[in-house]
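1. missing the sequence, but the structure's below:
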């Protein structure tokens, strides 16, 4: 079937309208193709797999324990939330994107996400007074208490380097 514009039995305005609509559609198609190209450029690929050295670092971080729990014992006089249980690797961000597998710290589940509470009957508020804030529930207060991401990374590196001090 041949595709031709619908020509109505009305004056020339209908034909001009069709030509104008065709030009608008062509311009819209050009804009959409540019938008698709920009979206493709912004789209991130899959994160690269961790190297063996990064995996060994993670294992050593888990062996040392939660950074926030260590800071609780050393600086804040608070209790530990986890004794080598439920440890997770937290990737640090910059501008909302992961900085890479090398920029990671170890946090217990409570300090990382704050969902699984060590003492559920006390509620989050009661535990936050004894164990400190959770990054998942109170990110601003967590950074006020424990420091910025770079300070936490430096402390994690210090924990890994000074094995006899933090064991």
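-> Right, received. Where do you want to start? Here the structure is a predicted model, which means the values were calculated and not measured.
2. what's the domain layout of this structure?
-> Structural domains annotated on the chain: 11-43, 52-166, as defined by automatic domain parsing.
3. got TSV for the ones you listed, with distance to residue 3 and mean pLDDT too?
-> Where you see a C-beta, it was placed from the backbone N, CA and C, and this is true even at glycine. Converted to TSV, the domains of the chain look like this (distance: least, CB to CB, whole Å; pLDDT from 0 to 100):
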stretch	distance to residue 3	mean pLDDT
domain 11-43	12	57
domain 52-166	46	85
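4. Pick the most buried one from the ones you listed.
-> domain 52-166 (a mean of 16; mean count of other CB atoms under 10 Å).
5. Helices of the chain, start to end?
-> Secondary structure of the chain (DSSP state H): helices at 13-42, 52-64, 67-71, 109-112, 123-131, 139-146, 149-161, 163-166.
6. Give the other helices and strands that the third one contacts.
-> Read that as helix 67-71. In this structure, helix 67-71 makes packing contacts with strand 104-108, helix 109-112, helix 139-146, helix 149-161, judged by 3 or more CB pairs under 8 Å, 6 or more residues apart in numbering; DSSP states H and E.
7. For that helix, give me every contacting residue.
-> Contacts of helix 67-71 with the rest of the structure, by CB atoms under 8 Å, 6 or more residues apart in numbering, involve 64, 80-82, 105-108, 111, 132, 135, 142, 146-147, 152, 155-156, 159, 166.
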